[in-house]
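# Turn this into a structure:
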Amino acid sequence: MFVRAKRSVGANGATYQYLQIVRSVREGRRVRQRVVGTLGRKDALLASGELDGLVKSLASFSDMLSVVEKAKAEGLHARSSRSWGPALVFERLWERQGVPEVLRGLAKGRRFQFDVERCVFAMALQRLMAPGSDLQASSWIRTVEVEGFSDLALHHFYRTASFLCGVRHELEERLFARDTDLFTRQLDVVFLDTTSTYVYRNSETPYRKWGYSRDRRGDLPQLVLCVVVDGNGWPIAWEILPGNTADKAAFREVVARLREKFSIRSVVVVADRGMISKDSVEFLTGHETAPFDYVLGCRLRQQKEVREDVLLQQGPLEAVSDNLAVRDVFVGDRRYVLCRNEIEARADAAARVALVEKLERTLKESGPKAMVSNRGFSRFLRIAKGSVSLDAQAVAADTRFDGVFVLTTNTNASAADVALRYKSLWRVERVFRETKSTIDMRPIFHHSDTNSIGHIVACFLALRLEVDLQRRLDEKKVDVPWPDLMLDLGQVHAVDVELHGERYRLRTDLVRHAHHAFSAAGVRPPPSAAHRGPVPPATVAPEAEM
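Numbering: from 1, shown residues only. Okay, the predicted model is just below:
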């Protein structure tokens, strides 16, 4: 229902407005308005004060309007509301990791006329809460309650990205030194892998290159990232390389940095199949002062020695778990560990049966020409004198790959330990999944390599915060999906109100999983209400300086 003013012309020719209460009703396909009642002439109701009385009388039956009227009568005004929960939790972890002290040390002597540490934290926090461009970040910081954010402007984000690019190696080394002391970690095994992230540009630079895109965005140039994590999944090193860098070259680059910059002397390097080559193994073991042990995945079909010597050797497998059995295989002085997963074996067998059925059907319906160019079919085909037929021997030989993966290692660990270490490579893969989804480096719109690299460094600082909180939640045996946790934390707001010339801050309730994050980070939630002093006189804020 609503109030409508209807015009009417009187006998004297004057025009009047009558107020009516009207309700809309549907009759078939049409909506008609029916008059519930006529209140009277508008000018008469206003002159007598009856209209005001009627409105107040109706408002008394509305709880919401009653609250508004009461707040107005009491002089209570809500001035602002900002997200508070994530900032409280992650700022505590930020401080415990010692990042502010490291950043201020690196910025010392530079002529920044703004707090660069606050800007770096803003960039990291934005990746966790609302990934977006620097332009979006300059507006987003007004929606969160963090000390120092109100002094930041867009150009500060650009300068900070450039700063992070210039100090990234020193920042990485100082944080590694602090982590070693703070968390008393013994670095005996590291996991490393590579990925790529594309940039929304159509030209190349020294770092921004077209290359093999894991994101299936070959239309855009990219940068290659290589991350090293320890046995607990903690990021300890990262390297940013040109987008056309191959996995093996990235591998050598990162291993060299582990030796030279971090002075790591004794460690087991665990890496996936894309990293292995004869040169890679020699690079790991041939160093005079810092040879590394390794556990590397092998390419089953591409490596002749693995395909013909390792897989064909017979012998019993040792059960490691319900879904994993292993066996040592030696070829000369080289040690391999053959691993078999029964669940994966059944899946591979079913996939091959489906593929062969499709091959036979296509061969019958479409003829040989449809088969030759199909890579998925080619390994099961026999081509001779222009004829194409199913190769039964190739199909039978393919069964030896079912559920199998092969590792090569120079360690003295048991076959079971080698296999379990390799399976732990999911920790670095999880880092990449988080980096590219939860934290999401994109969008990257920067024109320069300097700012693009600085942007990625901020993403990895955010990743340290996420891994830190997740590790603490795991220690408390709290299992909650990360998106749900961030959603619940984001609902904790700081609401500033004014009452009789005094300012107060109210905290909204902690909903669902938010209290787990506060507890894990060791943060006591602020009181639900706090006095913040008298309202200051209005002033004009000076423009932020460069």
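
# average pLDDT for the lengthiest helix in the chain?
Secondary structure of the chain read by DSSP state H shows that its longest helix is helix 154-182. Averaging pLDDT along helix 154-182 yields 88.

# Kindly report the same for stretch 509-521.
Mean pLDDT, stretch 509-521: 90.

# Now do the strands in the stretch 151-300 of the chain.
Assigned by DSSP state E, counting those that start in this stretch, the strands in the stretch 151-300 of the chain fall at 189-198, 222-230, 235-242, 268-271, 293-297.

# The stretch 401-546 of the chain now?
Using DSSP E, counting those that start in this stretch, the strands of the stretch 401-546 of the chain run over 404-409, 493-499, 502-507, 529-534.

# so which of those strands comes closest to Ala177?
Across the strands of the stretch 401-546 of the chain, the minimum distance to Ala177, taken as CB to CB, is reached by strand 404-409, at 29.5 Å. For the C-beta atoms, the positions are set from N, CA and C on the backbone; glycine is no exception.

# how distant is that closest one from the center of its chain?
Mean-position distance between strand 404-409 and its chain equals 31 Å (CA atoms, centre = their mean, to the nearest Å).

# ok, residues contacting it?
276, 281, 293-298, 300, 306, 310-311, 329, 334-341, 345, 418-419, 422 (CB atoms under 8 Å, 6 or more residues apart in numbering).

# tell me the angle it makes with strand 293-297.
Orientation check (axes from the mean of the first three to the mean of the last three CA atoms, to 10 degrees): strand 404-409 against strand 293-297 gives 160 degrees.

# send the alpha carbons of strand 404-409 over as PDB?
Listed in PDB are the C-alpha atoms of strand 404-409, where the atom choice follows Å, rounded to 0.1, in the frame of the first residue of the first chain:
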ATOM      1  CA  VAL A 404      52.700 -46.200 -11.300                       C
ATOM      2  CA  PHE A 405      55.100 -43.300 -10.700                       C
ATOM      3  CA  VAL A 406      58.900 -43.600 -10.500                       C
ATOM      4  CA  LEU A 407      61.300 -41.500  -8.400                       C
ATOM      5  CA  THR A 408      65.000 -41.200  -8.600                       C
ATOM      6  CA  THR A 409      67.100 -40.400  -5.500                       C
END
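
# Check which strands are paired with that strand and give the direction for each one.
Counting by DSSP bridges, the strands paired with strand 404-409 are strand 293-297 (antiparallel), strand 334-340 (antiparallel).

# Also compute the angle for the next helix-or-strand element following the longest one relative to strand 404-409, please.
Next along the chain after strand 334-340, taking DSSP states H and E as the criterion, comes helix 342-366. Between helix 342-366 and strand 404-409, the angle formed by their directions is 120 degrees, by the same axes, to 10 degrees.

# For helix 342-366, what does the pLDDT average out to?
Per-residue scores along helix 342-366 average to 85.

# helices or strands up against that helix?
helix 369-372, helix 375-378, strand 387-390 (3 or more CB pairs under 8 Å, 6 or more residues apart in numbering; DSSP states H and E).

# Can you give me the buried ones in the last one?
Translated: strand 387-390. Neighbour counts over strand 387-390 (16 or more other CB atoms under 10 Å) mark Val388 as buried.

# again, but for stretch 352-366
Under the neighbour-count criterion of 16+ other CB under 10 Å, stretch 352-366 has 352, 355-356, 359, 363 buried.

# give the contact list for Leu225.
Taking CB under 8 Å, 6+ apart, we find Leu225 in contact with 194-197, 238-241, 435, 456.

# thinking again about what came up before, now the strands paired with strand 404-409 in CSV, with distance to Val224?
Below are these laid out as CSV (distance: least, CB to CB, whole Å):
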stretch, distance to Val224
strand 293-297, 19
strand 334-340, 29
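
# Nearest approach to Asp484 belongs to which of these?
Nearest to Asp484 among those is strand 293-297; the distance by CB to CB comes to 33.5 Å.

# Determine how far that closest one lies from the middle of the whole chain.
Put simply, strand 293-297 sits 28 Å off its chain's centre (CA atoms, centre = their mean).

# again with stretch 352-369
How far stretch 352-369 lies from its chain's middle: 41 Å, per CA atoms, centre = their mean.

# Let's see it as CSV, backbone CA atoms only.
Taking C-alpha atoms only, stretch 352-369 is exported to CSV below (Å, rounded to 0.1, in the frame of the first residue of the first chain):
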residue,chain,number,x,y,z
ARG,A,352,42.3,-46.9,-21.2
VAL,A,353,39.3,-49.2,-21.8
ALA,A,354,37.1,-46.1,-22.6
LEU,A,355,39.8,-44.8,-25.0
VAL,A,356,40.2,-48.0,-26.8
GLU,A,357,36.4,-48.3,-27.3
LYS,A,358,36.3,-44.8,-28.6
LEU,A,359,39.2,-45.5,-30.9
GLU,A,360,37.5,-48.6,-32.4
ARG,A,361,34.3,-46.7,-32.9
THR,A,362,36.0,-43.7,-34.6
LEU,A,363,38.1,-46.1,-36.8
LYS,A,364,34.9,-47.8,-37.9
GLU,A,365,32.7,-44.7,-38.4
SER,A,366,35.2,-42.1,-39.7
GLY,A,367,38.0,-44.1,-41.2
PRO,A,368,41.8,-44.0,-40.8
LYS,A,369,42.3,-40.2,-41.6
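
# list the helices and strands the longest helix of the chain packs on?
For helix 154-182, the packing partners by 3+ CB pairs under 8 Å, 6+ apart are helix 99-107, helix 116-129, helix 134-140, strand 235-242, helix 449-475.
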